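# mind looking at a prediction? Sequence and model below.
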Amino acid sequence: MDKPENYSQKTMEQIAERYSAAAETINQNRGSELTDSTVILVLSESFSDPTRVPGVSFNIDPMPNIRTIKNFTTSGLMLSPGYGGGTANIEYQALTGMNLANFNDSLIVPYQQLVPNQSDPYSFNQIWTQKYGESATTAVHPFQQSMYLRNIDYKKFKFSYLYTCDSEEPLTHTGTIDRSPYVSDSEAYQNVLDLINEQKDSDKSQFLQLVTMQNHTPYGDYYDNNEFVEADTSENISDSERNDINTYAKGVNYTDQETADFLNQLNQIDKPITVIFYGDHLPGIYSTANKDANNKVTLHETDYFIWSNKASSSANTKISDDNYSSPNFFVAEAAEHMDAKVSPYLAFLTQMHSKIAAMEPPVVNNIQGWDRIPEGQNIYLDQDGKPMAEKDLDAETKQLLADYRLIQYDITAGKNCLKSTGFMNLPK
């Protein structure tokens, strides 16, 4: 990041004071603690509603369960910086509260360019680590541990272990569906359930991170009895695009059922659990819709929800005005959903989200590579999903954006002045 002109120890102390006061105000009306609950952050690979893509339609619903879940709990659409790729960037934002819009354009993948070089990077799982020790935070990724250097970055983030298909202690459940080469979501969820059941008799809560693989590209003829081949009513698309979409839709349908089953099993556990579920990006298969420049933002909107089990006091909670979000806001939203007290950092993100619902760097509708640096303006959406121009923002919102850049610079490239102020700490 470029160093903000007014960056200094004094400036950061003033920011810490400002949002410590904001946290105190928020916490006066909050009745629980984040660490009273287990939180499961689920990045569902390439998950999004295919019927929201212009020109794509089916005569049966590929995701009826998640559609119902979204109706009864905190949920909405997430603005993603990726299309067809970039999973680690979305994951980074969800885990840290940082946003790629604040970084220099040359920073393509923080997991590979930034985090390995940081001595003490911050991530939200550390809220649970600080209270219960590193054993309280574990990550699951049913693929290879070196992908995006997760094996290095998760250690930096203080996760106790990253379970993968090739970790020293590998995942137990790695089954696939029919001819798919990827571990199914049901198997991925079972690995998470095992981690919860290992501590079911403990009074400790956990933070668990799951990154699935089932719906990763490419989309071959993977599934037997794919009803979406006959149900596809899309018009004016090529046969190859149609084949990809039909396979993808069946994968979404499996995820839909497997996620509902997972939540049903969490409902049987007598400990409060909250799930943050989100699709990281759309698959890069919508070549026809992609030709229309009017679909630029639509092809960067995925589905998300925040759900709590029956043992949680926040079961059946639906926050209003959360129709749009970006991954950097998820933990702050979860704290509101859970009626949980916040740190000054989460208080800042809460205020930022109230003014700008979703934010991302300039988006590109092709898979981002090392030679692809996005150009143009950052994208800001209001609570109705409508674009906002930075020049038209009110003074309070401009102040929040300026503070965001200072906070992110301090944590990632500056002197980490905020750490000594307790900026990341929950109230005791």
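Sure thing, it's come through.
# chain neighbours aside, what residue packs nearest to Q209?
A139 (4.2 Å; Cβ to Cβ, 6 or more residues apart in numbering). Every C-beta, even on glycine, is put in place using the N, C-alpha and C of the backbone.
# chain center to stretch 38-49: distance?
Relative to its chain's centre, stretch 38-49 lies at 7 Å (Cα atoms, centre = their mean, to the nearest Å).
# residue boundaries of the helices in this protein?
Under the criterion DSSP state H, the chain contains helices at 9-27, 64-72, 87-96, 110-113, 126-132, 150-156, 185-198, 228-231, 239-267, 287-290, 330-337, 344-355, 395-412.
# nearest to D2, out of those?
With Cβ to Cβ as the criterion, D2 lies closest to helix 395-412 of the helices of the chain, at 8.1 Å.
# what's the closest one in contact with?
Helix 395-412 is contacted from outside by 1, 3-4, 6-7, 11-12, 15, 18-19, 98-99, 102-103, 114, 118, 121-122, 345, 348, 351-352, 355-356, 390, 393, 416-418, 423, using Cβ atoms under 8 Å, 6 or more residues apart in numbering.
# out of those residues, which end up buried?
Buried members of those, scored by 16 or more other Cβ atoms under 10 Å, are 1, 4, 7, 11-12, 15, 18-19, 98-99, 102-103, 114, 118, 121-122, 345, 348, 351-352, 355-356, 393, 416-418, 423.
# could I get the helices of the chain as JSON lines with mean pLDDT and distance to K386?
Below are the helices of the chain laid out as JSON lines (pLDDT from 0 to 100; distance: least, Cβ to Cβ, whole Å):
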{"stretch": "helix 9-27", "mean pLDDT": "98", "distance to K386": "26"}
{"stretch": "helix 64-72", "mean pLDDT": "97", "distance to K386": "20"}
{"stretch": "helix 87-96", "mean pLDDT": "97", "distance to K386": "21"}
{"stretch": "helix 110-113", "mean pLDDT": "96", "distance to K386": "28"}
{"stretch": "helix 126-132", "mean pLDDT": "96", "distance to K386": "33"}
{"stretch": "helix 150-156", "mean pLDDT": "97", "distance to K386": "35"}
{"stretch": "helix 185-198", "mean pLDDT": "97", "distance to K386": "33"}
{"stretch": "helix 228-231", "mean pLDDT": "98", "distance to K386": "32"}
{"stretch": "helix 239-267", "mean pLDDT": "98", "distance to K386": "27"}
{"stretch": "helix 287-290", "mean pLDDT": "94", "distance to K386": "20"}
{"stretch": "helix 330-337", "mean pLDDT": "98", "distance to K386": "20"}
{"stretch": "helix 344-355", "mean pLDDT": "98", "distance to K386": "14"}
{"stretch": "helix 395-412", "mean pLDDT": "97", "distance to K386": "14"}
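# out of these, nearest to N309?
helix 239-267 (4.6 Å).
# could you check the angle helix 64-72 makes with the closest one?
With axes from the mean of the first three to the mean of the last three Cα atoms, to 10 degrees defining the directions, helix 239-267 sits at 60 degrees from helix 64-72.
# run the chain-centre distance for helix 239-267.
How far helix 239-267 lies from its chain's middle: 18 Å, per Cα atoms, centre = their mean.
# give me every residue that touches F277.
Taking Cβ under 8 Å, 6+ apart, we find F277 in contact with V42, S44, T259, Y304, F305, I306, W307.
# what are the bridge partners for it, then?
Judged by DSSP bridges, the bridge partners of F277 are V42, F305.
# L381 now?
If you apply DSSP bridges, the partners that L381 bridges to are A358, P387.
# what's around it, how many residues?
Neighbour count of L381, defined by other Cβ atoms under 10 Å: 22.
# how far away is it from K250?
Distance of L381 to K250, computed by Cβ to Cβ, to the nearest Å: 31 Å.
# just I108 next, same as before
From I108 across to K250, the span is 32 Å (Cβ to Cβ).
# circling back: list just the nearest of the contacts of F277 to I152.
Checking these against I152 by Cβ to Cβ gives V42 as the nearest, at 22.3 Å.
# wait, what's in contact with the closest one?
Contact partners of V42, counting by Cβ under 8 Å, 6+ apart, are L210, T212, V275, I276, F277, Y278.
# please tell me how far it sits from Y304.
Going from V42 to Y304 by Cβ to Cβ gives 10 Å.
# overlap of the contact sets of the two?
Common contacts of V42 and Y304 (Cβ under 8 Å, 6+ apart): I276, F277, Y278.
# give me the number of residues near D339?
If you count neighbours by other Cβ under 10 Å, D339 ends up with 14.
# shift numbering so it begins at 264
Yep, numbering from 264; the last one is D602 now.
# hmm, N558 and V626 touching each other?
No - V626 lies out of contact with N558 (Cβ atoms under 8 Å); the separation is 11.2 Å.
# higher neighbour count, these two?
Relative neighbour count places V626 above the other of V626 and N558, with 21 against 17, counting by other Cβ under 10 Å.
# and the pLDDT at that one?
With respect to pLDDT, V626 scores 77.
# over to it: give its phi and psi.
In terms of degrees, to the nearest 10, the main-chain angles of V626 are phi -100, psi 150.
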